[in-house]
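A.B. asks: next one to model:
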Amino acid sequence: MLPAALLTFACFQHEMPPPRPPSSVYAFTSTDLQRWTPEPEPIAEKLESLGLTVRPDGELWVTGIDMGGKHNPIRAKIIGPALFGLRFDGTSWVEETWWFKDPEAVAFIDPQIFEDSLWFVSRQGTHGDPAEDKDPNDIRSTPPAQTRLRGVALVDPSPVRFRDSLMLFVTDGHNQVSQFTGDPFQKAQTFNNVSVPFAFVHDDTLYVVAQRPLNGRRQPVMASSTDGRSFTEFKALLSPEHARTCTSPVIGPYKGGWILLCVDEGIEGAPAPNPQGH
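C.D. replies: Presented below is the predicted three-dimensional model:
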């Protein structure tokens with residue numbers, strides 16, 4: 001979702017981390033999905049609404065909405081929108097651009113590559129936050145280009161396959177996440193006080209990472225399920241001193257352990273809203 005323009009920070013007993021530029025993507029590593037160590041330098045700047053996929057060869061692809069001016073509306077209208085992000089081959093992060101075709105898309109909002117398709121939000125408007133739209137948003141995927149789900153204020157799609165069943169987690173309105181299952185998708189349940197989900201499977205367990213306001217700052221939390229229906233409580237992943245904000249969190253395998261990526265908005269809050277996304 002689109003980071004708020006202003007954030008009010010509470011006072012903490014822990015020492016606050018130093019200021020960072022808005023929209024910096026920072027990494028945290030772990031061996032057990034519980035204790036996380038921050039990496040000192042950002043892996044990207046001006047990338048938001050993160051998505052992550054693990055490719056068959058083990059490469060990590062991180063996608064997002066470019067906030068640095070790479071998106072060209074004129075070019076997008078002629079040849080279609082581009083998808084921006086990063087690739088990690090086990091050694092280094094490199095910038096990457098992907099091209100997907102959908103005749104109904106003017107921009108890929110909240111992009112997430114899943115298997116061999118791109119899932120994203122498509123909307124009628126071109127300004128403001130899609131989560132605030134009064135008209136329904138379409139959750140689409142391509143190829144093949146199709147609408148998977150439609151509804152007002154549905155954003156941040158995260159598809160996942162668990163025990164051969166396709167599931168979809170989305171931010172559904174303000175500060176809640178809904179799980180959809182079945183064919184066609186039907187709402188199975190809603191989780192309150194969390195948003196911007198990212199789902200992945202490890203050792204026959206389904207994990208859902210999300211963000212939640214904690215002590216005045218949006219921070220990553222995670223719940224898990226062994227049957228795809230009953231979930232544990234969402235628990236915080238980071239210590240208060242780790243990051244001022246850690247939004248749009250995603251998790252993937254990394255050098256025999258795990259990596260958590262998220263957007264640190266900096267003390268000045270987020271940049272102005274992207275005309276094509278949030």
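
A.B. asks: could you point out the helix or strand that follows the lowest-mean-pLDDT helix or strand in the chain?
C.D. replies: The helix or strand of the chain with the poorest confidence is helix 73-79; it has a mean of 64 (mean pLDDT, DSSP states H and E). Following helix 73-79 in sequence order, the next helix or strand is strand 82-88 (DSSP states H and E).

A.B. asks: now do the buried residues in that following strand.
C.D. replies: 82-86, 88 (16 or more other CB atoms under 10 Å). C-beta: built from backbone N, CA, C; applies to glycine.

A.B. asks: lowest pLDDT pick from those residues?
C.D. replies: Within the buried residues of strand 82-88, residue 82 has the lowest pLDDT, namely 89.

A.B. asks: quick check: that residue touching residue 99?
C.D. replies: Yes. Using CB atoms under 8 Å, residue 82 is in contact with residue 99, at 6.1 Å.

A.B. asks: beta partners for residue 138?
C.D. replies: Following DSSP bridges, residue 138 is listed with bridge partners residue 122, residue 150.

A.B. asks: who's in contact with it?
C.D. replies: Listed by CB atoms under 8 Å, 6 or more residues apart in numbering, the contact set of residue 138 reads 104, 121-123, 147, 149-150.

A.B. asks: for residue 41, state which of those is nearest.
C.D. replies: The closest of these to residue 41 turns out to be residue 121 (CB to CB; 30.5 Å).

A.B. asks: what is the burial count for residue 54?
C.D. replies: 14 (other CB atoms under 10 Å).

A.B. asks: I meant residue 113, not that one.
C.D. replies: A count of nearby residues for residue 113, using other CB under 10 Å, gives 23.

A.B. asks: that one is in contact with residue 59, isn't it?
C.D. replies: No. Using CB under 8 Å, residue 113 is not in contact with residue 59; the gap is 11.4 Å.

A.B. asks: ok, the closest residue to residue 171 other than its chain neighbours to residue 90 distance?
C.D. replies: Leaving aside its sequence neighbours, residue 171 sits nearest to residue 156 (CB to CB, 6 or more residues apart in numbering; 4.2 Å). From residue 156 across to residue 90, the span is 28 Å (CB to CB, to the nearest Å).

A.B. asks: quick one: which of those two has more around it?
C.D. replies: Higher neighbour count among residue 156 and residue 90: residue 156, with 27 against 10, using other CB under 10 Å.

A.B. asks: quick check: which element contains that one?
C.D. replies: Going by DSSP H and E, residue 156 is part of strand 154-162.

A.B. asks: with only the CA atoms kept, save that strand in CSV.
C.D. replies: C-alpha atoms of strand 154-162 as CSV (Å, rounded to 0.1, in the frame of the first residue of the first chain):
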residue,chain,number,x,y,z
LEU,A,154,-8.5,-4.7,-2.9
VAL,A,155,-4.8,-4.2,-3.2
ASP,A,156,-1.4,-5.9,-2.6
PRO,A,157,-2.1,-9.3,-4.1
SER,A,158,0.0,-12.2,-2.9
PRO,A,159,-0.8,-15.6,-4.5
VAL,A,160,0.6,-18.8,-3.1
ARG,A,161,0.1,-22.5,-3.8
PHE,A,162,-0.2,-24.6,-0.6
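
A.B. asks: check the offset of it from the chain's centre.
C.D. replies: On the basis of CA atoms, centre = their mean, to the nearest Å, strand 154-162 sits 10 Å off its chain's mean C-alpha point.

A.B. asks: what is that strand packed up against?
C.D. replies: Helices and strands touching strand 154-162, by 3 or more CB pairs under 8 Å, 6 or more residues apart in numbering; DSSP states H and E, are strand 109-114, strand 117-122, strand 136-142, strand 146-152, strand 165-172, strand 195-202, strand 205-214.

A.B. asks: so can I have CSV of those strands showing mean pLDDT and distance to residue 250?
C.D. replies: Formatted as CSV, those follow (pLDDT from 0 to 100; distance: least, CB to CB, whole Å):
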stretch, mean pLDDT, distance to residue 250
strand 109-114, 97, 9
strand 117-122, 96, 14
strand 136-142, 96, 18
strand 146-152, 96, 20
strand 165-172, 97, 12
strand 195-202, 98, 5
strand 205-214, 96, 7
